[in-house]
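*Asks:* sequence below, structure please.
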Amino acid sequence: MLPAAAAFHFPWEINSETVQEGKAVRTFGKLVCYQPEESRATLSAQHTSKDHHVVVHTLFVEPFDPIIGAQYLVLGETENAEGVGVLIRARVLNCVDGINLALLQKAINEQRSFFQQRENKQAAQLPADVT
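*Replies:* Here you go, the predicted structure:
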């Protein structure tokens, strides 16, 4: 059986309580730091004039040629790491430099809206339990 599809989460949502440990996630950010000896990269994104950092464990995607300052898209599972907080164990790490971030954020919001509407329709179509 295949694992559930990873949902997009904004970088500022990763360290919040809404993302559970072990959950598959997709997110994005600018590569600001790469530590090959620890197989660890740090992505950063700005939201409401605050920088949000996401730590990514890169062991499963190495070797890769990091470009500091470039935009990356990551797919992986969340994990609580001591001293770091939430860490994403990357399965896919793609450089997407040149991406229109405003358009990506709009697409993520549209996708969430679509899934919410679909879920509401399915819930409304369920037959009521007769007791």
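*Asks:* switch to C-alpha atoms for all contacts and neighbour counts from now on
*Replies:* Will do.
*Asks:* distance check, the residue nearest the centre of the chain against residue 43.
*Replies:* Residue closest to the average C-alpha location in the chain (Cα atoms, centre = their mean): residue 27, at 2.6 Å. Distance, residue 27 to residue 43, by Cα to Cα, to the nearest Å: 10 Å.
*Asks:* for residue 73, same thing?
*Replies:* 9 Å.
*Asks:* so for those two, which residue has more residues nearby?
*Replies:* residue 43 (25 against 18; other Cα atoms under 10 Å).
*Asks:* what sits closest to residue 25 if chain neighbours are left out?
*Replies:* residue 6 (4.6 Å; Cα to Cα, 6 or more residues apart in numbering).
*Asks:* correct me if wrong: that neighbour contacts residue 78.
*Replies:* No: if you go by Cα atoms under 8 Å, residue 6 and residue 78 don't touch, sitting 10.8 Å apart.
*Asks:* so what sits against both of these two?
*Replies:* 23-25 (Cα atoms under 8 Å, 6 or more residues apart in numbering).
*Asks:* tell me the one among these nearest to residue 33.
*Replies:* residue 25 (20.5 Å; Cα to Cα).
*Asks:* just checking, what packs against the helix or strand hosting that closest one?
*Replies:* In this assignment (DSSP states H and E), residue 25 forms part of strand 24-35. Applying 3 or more Cα pairs under 8 Å, 6 or more residues apart in numbering; DSSP states H and E, one finds that strand 24-35 contacts strand 7-8, helix 11-14, strand 40-47, strand 71-81.
*Asks:* so which elements touch the shortest one?
*Replies:* Read that as strand 7-8. Strand 7-8 sits against strand 24-35, with contacts defined as 3+ Cα pairs under 8 Å, 6+ apart.
*Asks:* quick one, the strand it packs on and strand 71-81 angle?
*Replies:* Put simply, strand 24-35 runs at 100 degrees to strand 71-81, going by axes from the mean of the first three to the mean of the last three Cα atoms, to 10 degrees.
*Asks:* and the angle for strand 24-35 with strand 40-47?
*Replies:* With the same axes, to 10 degrees applied, the angle from strand 24-35 to strand 40-47 works out at 110 degrees.
*Asks:* and the contacts of the helix or strand where residue 118 lies?
*Replies:* Using DSSP H and E, residue 118 maps to helix 101-125. Here helix 101-125 makes contact (Cα under 8 Å, 6+ apart) with residue 8.
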